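>>> Quick one: sequence plus predicted model below, questions after.
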Number of protein chains: 2
Amino acid sequence: MKNIATQTRAPGGPAAADLAPLAQARHLLLDLDGTLVRQNEAIDGAAELLERFEGRFAIVSNNSTHTAQGLALRLRRLGLRAPPERIVLAGELAVSLLARQHPTARLMVVGTPALQRHARALGFRLVASEAEFVLLALDMRFSHARLGAVANELLRGARLVVTNADATHPGPHGRVVPETGSLLAAVLTASGVQPWRIVGKPEPLLFEEGLRCLGAEPASTVVIGDNPATDAAGAARLGMACLLVGAAPEAVAPSVAGLLLPRATAEVTALPARPPERSRLSTA
Amino acid sequence: MKNIATQTRAPGGPAAADLAPLAQARHLLLDLDGTLVRQNEAIDGAAELLERFEGRFAIVSNNSTHTAQGLALRLRRLGLRAPPERIVLAGELAVSLLARQHPTARLMVVGTPALQRHARALGFRLVASEAEFVLLALDMRFSHARLGAVANELLRGARLVVTNADATHPGPHGRVVPETGSLLAAVLTASGVQPWRIVGKPEPLLFEEGLRCLGAEPASTVVIGDNPATDAAGAARLGMACLLVGAAPEAVAPSVAGLLLPRATAEVTALPARPPERSRLSTA
């Protein structure tokens, strides 16, 4: 299957070919924020999409603050059923990859208490200095002092693992919330040290883990997301088709609901440039 | 006077011409950290240089955490006599420039309590939201929440004034301390908004203020500093000669003490690549 989804859009609206990959897809790799949920709401069509592909999807997200267990519960409260073993998050995956390759390393985790607990659960002794690896994730307690600690650890020789390079994510009331990439910019400037590894999309690690847990092949797997720079670019690197939804110019539908409609209806629905539909689903 | 100081260095050591500008200088613009002081020590030769040019020097520093009054006291404890009206600091100057041009503006100050007090003393009502200007300085209480607040103010239309773009300054025990430029990198990434004005060197504002308070002309004024990117580059923009001291390859002497020696001795002193001399001067 070629990555035709983001290449063959006709002027004025998505071509019929745009939606063909979904019909042919054996497996789906699904972005989370902006694709399935927004703030504390499920996006229109998300529940139906998960039902239709039950057992054949994985959620792959640059999220570095949650664990899959915690997120599965949160999604369930929004009416979305996703088993934790099919949720691949950049923060958790970064810790898991380190645990596989450097299980005894001295690790500094700059991130949420949940991510630090996960690291301890995988056997890491977390350190505040003399680290061999610094894991930088979204850390709401990030501070000047923490920035200084990270910069000096890197200058001393620690290797920097970054969960994701996203600059922001959408917050309440149209505000932005600084993401790991903004903290990374400060770290890069203060230390001059480049990351040893970036886990999140568009890097391939998350997608590869999603394929692995599904036992899926790239050729028969479709990525669905809302971000050209992370979802579409990352899918293209692995030769996977990608359907973008949302407000991006390349999007084939304003929300995943548009992917589920009969083809002719989907074309009509996708034509007007209107904001994505939202629905607050009842607690399942 | 041409800016020959950083251009005519002979291989193997500074040429005699390198030190000529000091003999010809009517006025000096002096960098502070790395040039006159390092941590809590006066650098060798600093006290003598200030005495020799008494009444004819101004200190121009990218420092954004102190006030001139506070710094003059601190320098005096290190044996360095510099009147506060001849100390031009990026943080204070940024507030003063705003007070001259936008005295009634709604101003958010991200910086030390000292800088915030200075802004209030100049008549500003400091705000936490709906700012017209955000002043970003070195803020030891910088946090993820503060980064988010600044980014959203800029996205709402506030203009960003930055005291200086330095990435770090040296801290104790060979560690770096993240400076305003590192915080700026996070702000730029999170907001995508470029600064409206950067006050610190190598921008010309600090040097211009130093010249103004001395009643000095660029042609007969010499800049002495330790940083090619801020001191030398900034001096060159205004057509001023610059003598670099310290460990930079362009330096003509390891410390300002080397500028005060008879010419022949200075050449010999500057030849070995040794670290700058430090002396802890008694409290004057």
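Yep, it's here.

>>> Please make it C-alpha for all contacts and neighbour counts, starting now.
Noted.

>>> Counting neighbours, which bits of the one helix or strand A:Leu98 maps to end up buried?
Using DSSP states H and E, A:Leu98 sits within helix A:90-101. For helix A:90-101, burial by neighbour count (16 or more other Cα atoms under 10 Å in any protein chain shown) applies to A:Ala90, A:Gly91, A:Glu92, A:Leu93, A:Ala94, A:Val95, A:Ser96, A:Leu98, A:Ala99.

>>> Spatially nearest residue to the most centrally placed residue in chain A (excluding sequence neighbours)?
Most central in chain A under Cα atoms, centre = their mean is A:Ser61, positioned 1.9 Å from the mean C-alpha point. With sequence-adjacent residues excluded and distances taken as Cα to Cα, 6 or more residues apart in numbering or on different chains, A:Ser61 is closest to A:Leu89, at 5.0 Å.

>>> ok, the residue in the stretch 51-200 of chain A that chain B sits nearest to - contacts?
Going by Cα to the nearest Cα, chain B is nearest to A:Ser143 of the stretch 51-200 of chain A, at 4.1 Å. Counting by Cα atoms under 8 Å, 6 or more residues apart in numbering or on different chains, A:Ser143 touches B:Met140, B:Arg141, B:Phe142, B:Ser143, B:His144.

>>> For ChimeraX, write the select line for the buried members of the residues you listed.
Burial among these is assessed by 16+ other Cα under 10 Å; the matching ChimeraX selection reads:
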select /B:140,142,143,144
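
>>> Tell me the one of the contacts of A:Ser143 nearest chain A?
Among these, B:Ser143 lies closest to chain A (Cα to the nearest Cα), at 4.1 Å.

>>> Over to the closest one: give its phi and psi.
Main-chain torsions, B:Ser143, degrees, to the nearest 10: phi -150, psi 170.

>>> Could you verify my assumption that A:Phe57 touches A:Ala25?
No: using Cα atoms under 8 Å, A:Phe57 is not in contact with A:Ala25; the gap is 10.2 Å.

>>> Confirm for me that A:His27 is in contact with A:Val222.
Yes: using Cα under 8 Å, A:His27 is in contact with A:Val222, at 6.4 Å.

>>> Stretch A:203-222: how far from the chain's middle?
Offset of stretch A:203-222 from its chain centre (Cα atoms, centre = their mean, to the nearest Å): 13 Å.

>>> Can you measure across that stretch, start residue to end residue?
17 Å (Cα to Cα, to the nearest Å).

>>> What average pLDDT does it get?
For stretch A:203-222, the mean per-residue pLDDT is 97.

>>> Give me the residues contacting it.
With Cα under 8 Å, 6+ apart as the test, stretch A:203-222 has contacts from A:1-2, A:21-22, A:24-29, A:56-61, A:85-90, A:93, A:199-201, A:234-235, A:237-243.

>>> can you pull out the helices in the stretch 151-284 of chain A?
Secondary structure of the stretch 151-284 of chain A by DSSP state H, counting those that start in this stretch: the helices cover A:180-191, A:205-214, A:233-237, A:257-260, A:263-270.
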